[in-house]
Each structure stands twice: as structure tokens, then as C-alpha cells.
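J.: Here you go, sequence then predicted model.
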Amino acid sequence: MDSLRTPSTALEAVELPSARAFLESRGYKFREQWGSYLHRYSRKHGGREENILLPTERDLVDFNRRMLEVIDALSLQLETPPSALLKQIANSGYEVVRIAANPGEQSSTISYDAAIDLLKGGFALIDSSAAVTVADEAVRVVRGRRKDAVRRYLDGVRVGQTEVGSFVLTLLMPLNVEDAFALPEAVADSFGRKVAQRMASALRATEQVIHKENFAIRDMIQQGVTANFSGGIARMIEAVGNVSVGIAAAVDNRKAARYPITRFEKANLGTLRELERRLTPKEEREPVTVVGTVTEFREPRSKSSGSILLSAEVYGQERPIRLQFTREQRAIVLEAIERKSDVFLQVSGDLAPKRGHYHLDEARDFELVRRGPLA
């Protein structure tokens, strides 16, 4: 098999904990310290012993050369191309979340705005699941500062490589979190796996509810579904259309459950937004009419609706308010943008705080209001 031919940056990206986890997952066991800066791992295969000498520190002068030797040796012993090995090692120590945009289609690109929404929607699922995992009581909506351990866990989330076929975004969820002693005893062990289990449970529950006319909010909460979680899925659908979400068992966890892929379609958007609305406590939503200036307009081509950011006064202060508009409301929104020097846009709806800004849910009664005393 050919020797690895890859830029040094690919080798520098290899994390030693991930490399150790990968070796253990493939049956290699730590045997001994080998010299000052190497650990010897070996496995029995085909009646003989196969060895790997893994560097112990990243700051070795010849770290890249030694990792090149590790990859070359593994490539021969495991009969796996070096490029595939690098990807497998990178994913060791993580649960891999795969979010496919319009699965089954051949397009491998999406717009910049859609990619951002897909990424933020996917992160919302992880954020919600991590917060629910450590919560002391049932959670309807995740608000405010996260617990320190959760924030450290979220800091460890990584964006992986996209994949061939339809556009597939991969998010890597770490299996462990630093200072696990700060977590409740029930979740301190393998915290990352418990987050993945909670996320898989919430995905299944959400997928099931979109096919029901009636559903019990209490049951959804028990399965880990929050307003943030439902809103995250809805955001991805609004961005790209149909989506599928899968969670792959980590490489170093061969006994991990295989989570089924969940699928959501554009036709499910209304149910998901309704679920989000019902999960948001009523005291956090307030019927209001706001008047302001459109500062941002977003309308991906794949959507039947869009969103705007409206700068308007809320509780005595000028604040940005995110709201959705339908195809029927599009013309008046565009007119408000074109004539913003002499008119405001007035909209009614249910105001709710979300992640540092406000959303106006169920936006309705779009009207133009002439500037004057309000300016």
C-alpha cells in the first residue's frame, strides 16, 4: 500500500487522545513506555504481534514524522487507506451527527445563508440535549446561562468534513467533558454518550409526533424535546427543505446502540412550529404590536417563506426582533424596505425572548405606518 502523501497540517490536526481511543477500538493494547517519548501499543493478528509506536507529546520536534509512521503502519496492518484512517481517528472520541439537506438529491452545495441556518439548527439540538441531560427537573425551554460543565462540553463540539452525495453537515459531539465531577453522578460517566442518547430520544419523539394530530406536551418533555429542539429542526427545514438527522456511534464504543436516522419534511414545518409554541411557557410570550425598521431580509430560494429582523422599541429600548413572513406578506415587507426612509413596518404577534434577542411568533397584521412623530 502506498505511503501516506498528505500535507503536514493533516497530521498536526491529529489529537493524541483520539489516536489512543482509535487504537483501543481496533484491539491494540498499551504495552509499555518505549524510550522517552513513545508508547508501544500492540495487538495479536494472524498469529503474530503487530506494533504501533505512538508519540506521547504533540510538541516533539519530529511529531509529524512519527505520526506519518503511525499512519503508514496502521494502513498496512488494518488494510485501510491513509486518508480514511485520518478521518476515523479524527472521529474517535466523538459521536458523529450527520445532517443531510434534501437527502437523495445529488446537489452537493447549498447557499451560504442556508448553511449557517443548518449549522445553527444542528447546534441547537446539541445545546438543548446537553442542557436537558444535566437538568434537575423537566425542561420545556432552555434559557439563560448554561451550567459550566455544559458550556465546556459545547466548547468541545466540532464541525466535521462534509460528505459526498447530497449536502451532509457533520457535527462531532465529544464523549467526555472536563471536570466531570461537577456533573450529577447519574451523568458524570460518559457524559457525551448520555447527551447523544437524549438527543436520539428527542429526535425519535419529534419524528413520531409530526404524524399525529394530537400529542401530549408532557410526553414530549419526558423524551427530551424542548422548544429550542423543535425550533432547531424547523430552522433547518426552513433553510434547505427536507432534512435527515443521524447519530453514528463513536469509533471507540463498539457496543454503542445504533441510532435510527430520523427524517423531517417541509410539510412538517407547521407541526414543528406549533410544538415549539406549545413548549414555550405562556408567561414568556406576550401579544404585542411593534413598529420599526427592517434591518435584515432573508429569503432562501428553497423556502416558501422568509424572515426579517425588525429594529423596534421593546420595553423602552430599541431591540432587534426576528419574525417570519409568508409569501402573501412578502410584498408589503419589500415595500417597507424600499420606502424605509418614510415608513415603518407595523406587525402584531406573540413576543418571546430567545437567545439574547426577541422573536415575534405568529406574526400577522402587517401594515405600513408613515414616519413622522415616530421618527
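T.: Good, I have the coordinates.

J.: Low-confidence stretches in the stretch 151-300 of the chain?
T.: Applying pLDDT under 70 to the stretch 151-300 of the chain flags residues 163-165, 176-189, 213-214, 249-258, 282-286.

J.: all helices of the stretch 201-350 of the chain, in order?
T.: Assignment of helices within the stretch 201-350 of the chain using DSSP state H, counting those that start in this stretch yields the ranges 217-222, 227-240, 269-279, 330-338.

J.: now for the first one, which elements pack on it?
T.: Using 3 or more CB pairs under 8 Å, 6 or more residues apart in numbering; DSSP states H and E as the contact criterion, the neighbours of helix 217-222 among helices and strands are helix 191-209, helix 269-279. All C-beta atoms are positioned from the backbone trio N, CA, C, and that covers glycine.

J.: what about 7 Å?
T.: helix 269-279 (3 or more CB pairs under 7 Å, 6 or more residues apart in numbering; DSSP states H and E).

J.: Can you mark which positions in the helix it packs on are buried?
T.: Within helix 269-279, the residues that count as buried by 16 or more other CB atoms under 10 Å are Leu269, Thr271, Leu272, Arg273, Leu275, Glu276, Arg277, Leu279.

J.: Stretch 320-337 too?
T.: Neighbour-count burial for stretch 320-337 flags Ile321, Arg322, Leu323, Gln324, Phe325, Gln329, Ile332, Val333, Ala336, Ile337 (criterion: 16+ other CB under 10 Å).

J.: And the furthest pair within the residues you listed?
T.: Farthest-apart pair in the buried residues of stretch 320-337 is Arg322 and Ile332; separation 17.6 Å (CB to CB).

J.: Quick one: the buried residues of helix 269-279 as TSV, columns for distance to Ser129 too.
T.: Formatted as TSV, the buried residues of helix 269-279 follow (distance: CB to CB, whole Å):
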residue	distance to Ser129
Leu269	21
Thr271	20
Leu272	16
Arg273	20
Leu275	16
Glu276	16
Arg277	20
Leu279	14
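
J.: burial measure for Ile233, as a count.
T.: Ile233 has 30 neighbouring residues, counting by other CB atoms under 10 Å.

J.: One more: the one 5 residues further on?
T.: Other residues lying near Glu238 total 24 when counted by other CB under 10 Å.

J.: so which helix or strand takes in Ala84?
T.: helix 82-91 (DSSP states H and E).

J.: contact partners of stretch 159-176?
T.: 87, 91, 93-110, 118-119, 122, 126, 153, 156-158, 190-193, 195-196, 250 (CB atoms under 7 Å, 6 or more residues apart in numbering).
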